[in-house]
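Asker: return a 3D structure for these sequence lines:
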Amino acid sequence: MNKNIKAINLVWLSRTGLTNMNSGEGGSNFVDIKKYRFQGREYPYVSGQAMRFYLKEAIRRNIAPEEACVADQAGETCGLIDSCILCDLFGFMATIPDVGAKTRVSPVKVSPAIGLLPFDDNSVVDFLTRRHRVAEGERMEGDIVNVELGMNLYKAGVSIDVAKIG
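Answerer: Predicted coordinates:
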């Protein structure tokens with residue numbers, strides 16, 4: 001890599017027809033799209049945290065699956081920046097018994113993805129059935145779930161501090 005490059009900044013434009021890209025694994029039966037208001041109109045957005053998650057998953061799946069750790073149940077990663085691309089690029093905080101915390105600040109900064117089309121022009125509320133098994137070997141049951149769907153063009157920014165990459 002060219003040693004004169006100090007940072008890489010890029011703008012990411014992506015068209016999507018997917019449902020809520022901020023949803024977690026909670027038990028809510030109504031999944032709301034996050035929105036911001038600008039000049040009296042609502043626009044959807046995807047949080048920076050969700051965008052970082054999607055970027056990390058894409059790297060793990062498509063670029064370097066053997067060089068990308070998965071966080072444990074406590075949310076801690078391996079912390080080996082020499083051998084793990086995700087710990088190197090996205091930072092970590094690991095607790096060390098009787099010592100404290102070992103941290104690395106992420107050289108990759110990701111902005112929220114901002115929807116460029118107004119929400120009310122490109123969205124609907126849809127109903128679906130979320131199916132789940134009640135107990136192993138027993139019947140399947142489901143919940144009726146309301147989901148906001150929206151077609152939009154999202155703009156996000158990514159900034160990489162090249163000098164801080166291991």
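
Asker: S159 touches I8, doesn't it?
Answerer: Yes: at 7.3 Å, S159 counts as touching I8 under the criterion of CB atoms under 8 Å. Using the backbone N, CA and C atoms, a C-beta is placed for each residue, glycine as well.

Asker: quick one, phi psi at R52?
Answerer: With angles defined as degrees, to the nearest 10, R52 sits at phi -60, psi -40.

Asker: cool, the one 10 residues further on as well?
Answerer: Reported as degrees, to the nearest 10, the phi and psi values for N62 are phi -110, psi -20.

Asker: for it, what are its contacts?
Answerer: By CB atoms under 8 Å, 6 or more residues apart in numbering, no residues touch N62.

Asker: so F53, which state does it fall into?
Answerer: helix (DSSP: H, G, I helix; E, B strand; the rest coil).

Asker: any idea how far it lies from R37?
Answerer: Noted for F53: a distance of 25 Å to R37, by CB to CB, to the nearest Å.

Asker: which residue of the two possesses the greater neighbour count?
Answerer: F53 (16 against 9; other CB atoms under 10 Å).

Asker: what ranges does the chain have for its helices?
Answerer: For the chain, the helices defined by DSSP state H cover 48-58, 85-90.

Asker: chain center to the longest one, what's the gap?
Answerer: Here helix 48-58 is found 3 Å from its chain centre; the criterion is CA atoms, centre = their mean, to the nearest Å.

Asker: for D88, what are its contacts?
Answerer: Contacts of D88 (CB under 8 Å, 6+ apart): I81, D82, R104, P107, I165, G166.

Asker: let's see it at 7 Å
Answerer: With contact taken as CB atoms under 7 Å, 6 or more residues apart in numbering, D88 is in contact with I81, I165, G166.

Asker: now swap in Y45 and tell me
Answerer: K34, K35, Y36, P112, A113, I114, G115.
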